[in-house]
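>>> Any chance you can model this:
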Amino acid sequence: MKQRVERVRADGTPLGGQIEDFIQFLAIERGLSVNYQLSIRQSLEEFAGWILGRRKVDDARAVDPAMLSEYLLQRRRSGLAAGSVKVEAVALRIFFRFLAARRAIDRDPAELLPIPRIERYLPETLNIQEIEQLLSAIPPGTPLGLRDRAMVETLYACGLRVSELCGLRLETLNLADGWIRVTGKGNKTRLVPIGSKAKDAIESYLAGERPRLVAAKTTSHVFLSVRGKALTSARVWQVLKAYAKIAGLEHAVYPHLLRHSFATHLLSGGADLRVIQEMLGHADISTTQIYTHVDQRHLRDMHRRFHPRA
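Coordinates of the predicted model:
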């Protein structure tokens with residue numbers, strides 16, 4: 001049975017103020033995304049509420065390593081997934097490291113806090129035939145068909161995160177040279193090549209459909225809703241799900257599945273892992289290396305299927 005997590009607000013306490021200082025640091029000095037700030041804030045406020053309610057501690061200077069370990073153990077026992085516990089542990093580590101560096105606390109109680117290890121699952125992918133099925137399910141002659149075709153082509157051709165797709169602006173497109181400028185995590189910008197099929201799809205959408213979607217307050221975002229606003233991540237999910245059903249795909253199709261497919265197909269085709277890392281916008285090559293395991297699994301499956309002595 002899941003334990004009930006204590007919820008006590010730590011607003012107005014020294015610890016609450018220390019959290020605010022840290023979030024401002026992430027926003028102003030580190031320039032990290034709003035979503036990242038919100039995730040860190042939520043994790044730290046959960047901890048602040050717990051430690052205030054359980055231990056009556058309202059200042060980071062009174063936190064010790066045992067309290068942090070107890071909190072993470074309690075979170076795990078309450079039913080929180082291992083991946084979410086890891087996120088909270090990382091948030092605590094970087095928060096107390098910040099306070100120690102600023103000499104706001106005498107010592108860092110999270111310095112030796114272990115980060116939970118979680119099992120890494122191989123990403124799902126669509127094969128090339130399934131990608132074609134998905135694209136064939138989007139008739140260009142239907143309302144929003146040009147937009148949706150361009151959107152799916154771009155996700156697959158460029159390996160974009162859904163937030164990156166929704167954030168594309170007209171000024172970030174260089175279709176003549178076959179490039180798009182993408183702003184990813186941490187506001188880091190990268191150039192990604194765009195293939196001929198995606199380029200043609202975007203040009204058709206920009207010429208034949210986007211002008212009809214433009215409203216009085218429309219911004220320069222590439223992909224627009226029927227109300228002339230920037231398309232949201234949630235709407236992209238809905239669109240993909242609908243076309244996957246029409247295509248008869250057994251997979252649960254979602255935007256990141258196309259990103260995984262992009263990387264896996266490049267690797268299978270012989271692309272260098274460092275090049276794939278650059279196009280995906282991964283800060284660490286270890287994040288990209290998971291696709292080598294996907295490719296190895298595919299090779300094993302092919303061997304077992306076709307070799308007479310497998």
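>>> pretty sure Gln37 is touching Gln24, no?
No: contact criterion Cβ atoms under 8 Å: Gln37 and Gln24 do not qualify, at 9.3 Å. (Glycine included, C-beta is placed from N, CA and C.)
>>> Which of those two has more residues huddled nearby?
Using other Cβ atoms under 10 Å as the criterion, Gln37 and Gln24 rank with Gln37 on top: 16 against 11.
>>> any idea which element that one lies in?
helix 34-55 (DSSP states H and E).
>>> Only alpha carbons, please: show stretch 198-210 as PDB.
Coordinates of each C-alpha in stretch 198-210 appear next as PDB, following Å, rounded to 0.1, in the frame of the first residue of the first chain:
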ATOM      1  CA  ALA A 198      10.700  17.100 -45.300                       C
ATOM      2  CA  LYS A 199      11.900  20.200 -47.100                       C
ATOM      3  CA  ASP A 200       9.300  19.700 -49.800                       C
ATOM      4  CA  ALA A 201       6.600  19.000 -47.200                       C
ATOM      5  CA  ILE A 202       7.400  22.200 -45.300                       C
ATOM      6  CA  GLU A 203       7.400  24.300 -48.500                       C
ATOM      7  CA  SER A 204       4.000  22.900 -49.500                       C
ATOM      8  CA  TYR A 205       2.600  23.700 -46.100                       C
ATOM      9  CA  LEU A 206       4.100  27.200 -46.000                       C
ATOM     10  CA  ALA A 207       2.700  28.000 -49.500                       C
ATOM     11  CA  GLY A 208      -0.600  26.300 -49.400                       C
ATOM     12  CA  GLU A 209      -1.900  26.000 -45.900                       C
ATOM     13  CA  ARG A 210      -0.100  28.100 -43.300                       C
END
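>>> OK, contacts around Arg210?
Counting by Cβ atoms under 8 Å, 6 or more residues apart in numbering, Arg210 touches Arg147, Val222, Leu224.
>>> returning to what we had before: which other residues reach the helix holding Gln37?
5-10, 13, 15-16, 19, 22-23, 26-27, 57-58, 63, 67, 71, 74-75, 87-88, 91-92, 94-95, 163, 185-186.
>>> count of neighbours near Val34?
9.
>>> So for Val5, what pLDDT did the model give?
pLDDT, Val5: 44.
>>> all helices in this protein, in order from the N-terminus.
With DSSP state H as the criterion, the chain has helices at 14-24, 34-55, 65-77, 82-101, 128-136, 145-158, 162-167, 196-208, 210-213, 233-247, 255-268, 273-280, 285-288, 290-306.
>>> Most tightly packed of these?
helix 145-158 (a mean of 24; mean count of other Cβ atoms under 10 Å).
>>> Pop out the phi and psi values for the most centrally placed residue in the chain.
Nearest to the geometric centre of the chain sits Arg161, at 6.2 Å (Cα atoms, centre = their mean). Note on Arg161: its backbone torsions stand at phi -70, psi 150 [degrees, to the nearest 10].
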